[in-house]
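In: Got a predicted structure plus its sequence, pasted below:
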Amino acid sequence: MNSAIYIGADHAGYALKQHLLHNLSHKYSLIDLTPDYTEGDDYPDVAKKVASRVAKESARAILVCGSAEGMCIAANKIKSIRAIVAFNEEVACLTRQHDDANILCLSGGQFLEPSARKLLKPMPVQTAVNIVNTFLTTKFSGQERHARRIAKIAALEK
């Protein structure tokens, strides 16, 4: 596995991504693939760019958008990607152990304008940092039943 961790965000996830870079760069080799806003920042484009690198290099990544769901949907369209949305450490841990998830999608909703924030319960930055740490430090269990299920998911991609 590549030791680089890719990270990307659209406009709604940009502020949280910046916080994650600030809080985690001392611990992980983070490579920011967030586009320059002059070239656009539609979440499907960011998800494709990051997920393609993860698939090619057997790496892991963090994607951030307003709800986390858009990035997750888009990233999962790339072959061999198992992107997940986690709102707590338990889900981040289980999806690594059981599903060998390779992309963590987070909600940057706490940084949206007030009218949009009514739809999303804000996630504190420290919670996001804890979820990322759990995701990046938890290993795949390697258990036969989990490997068998991942192989079945891979067969769906053919």
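Out: Now that the structure is in, tell me what you want to look at.

In: now what about the helix ranked longest in the chain, what contacts it?
Out: In the chain, with assignment by DSSP state H, the single longest helix is helix 43-57. Applying CB atoms under 8 Å, 6 or more residues apart in numbering, the set of residues contacting helix 43-57 from outside is 2, 4, 6-10, 33-35, 59-61, 63, 65, 70-71, 74-81, 83, 102-103. C-betas here are computed from N, CA, C, even on glycine.

In: mind listing which of those are in helices?
Out: Among the contacts of helix 43-57, the members falling in helices are Gly70, Met71, Ala74, Ala75 (criterion: DSSP H).

In: Surely the last one touches Cys105?
Out: It stands for Ala75. Yes - contact criterion CB atoms under 8 Å: Ala75 and Cys105 qualify, at 7.0 Å.

In: So for these two, which residues contact both of them?
Out: Residues touching both Ala75 and Cys105 (CB under 8 Å, 6+ apart): Leu63, Ala83.

In: picking that back up, so for the longest helix of the chain, what gets flagged as buried?
Out: Neighbour counts over helix 43-57 (16 or more other CB atoms under 10 Å) mark Tyr43, Val46, Ala47, Lys48, Lys49, Val50, Ala51, Ser52, Arg53, Val54, Ala55 as buried.

In: could I get these as a markdown table with pLDDT and distance to Lys158?
Out: Below are the buried residues of helix 43-57 laid out as a markdown table (pLDDT from 0 to 100; distance: CB to CB, whole Å):
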| residue | pLDDT | distance to Lys158 |
| --- | --- | --- |
| Tyr43 | 94 | 26 |
| Val46 | 96 | 26 |
| Ala47 | 97 | 21 |
| Lys48 | 97 | 20 |
| Lys49 | 96 | 24 |
| Val50 | 98 | 23 |
| Ala51 | 98 | 18 |
| Ser52 | 98 | 18 |
| Arg53 | 97 | 22 |
| Val54 | 98 | 19 |
| Ala55 | 98 | 15 |
